[in-house]
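Enquirer: Predicted model, plus sequence, below.
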Amino acid sequence: MLVKERLRFVVNAGLEHNRNKRSVLQDVFVLGGFVLSPSGMCDLDIGFKYSVAPPKIESPGPDFTVLAGLTFRYEAGGKDNGQKK
């Protein structure tokens, strides 16, 4: 199926450094989204990042963020990538 070959669901969780030096809280987040690969040389993606904070404590980062991206790949050194056959 064409959609299965070109569309992926991705999930990431992590921790980012808090910019406020006085705070001991880190920005804990969960990120999820989709990556569409219309060709082997290009990816289009869209995702949603949600910051997780303990109850009644404000998250050091934004509560949520919508993200989008575009990736292009190229082959350095020609089609054979400099590999000897």
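Expert: Noted; the coordinates are in hand.

Enquirer: Sheet-wise, list the partners of the longest strand along the chain with their directions.
Expert: Across the chain, the longest stretch assigned as strand under DSSP state E is strand 27-39. With DSSP bridges as the test, strand 27-39 is paired with strand 7-16 (antiparallel), strand 42-52 (antiparallel).

Enquirer: Any stretches of the protein with poor pLDDT?
Expert: For the chain, applying pLDDT under 70 flags the ranges 1-3, 18-21, 23-26, 55-61, 78-85.

Enquirer: hmm, 90 instead?
Expert: For the chain, the stretches flagged by pLDDT under 90 are 1-6, 14-29, 39-40, 50-64, 74-85.

Enquirer: Can you give me the neighbour number for residue 66?
Expert: A count of nearby residues for residue 66, using other Cβ atoms under 10 Å, gives 9. For glycine as for every other residue, the C-beta is placed from the backbone atoms N, C-alpha and C.

Enquirer: Skipping adjacent residues, who's closest to it in space?
Expert: Excluding its sequence neighbours, the residue lying closest to residue 66 (Cβ to Cβ, 6 or more residues apart in numbering) is residue 48, at 5.9 Å.

Enquirer: Fine by me, thanks again.
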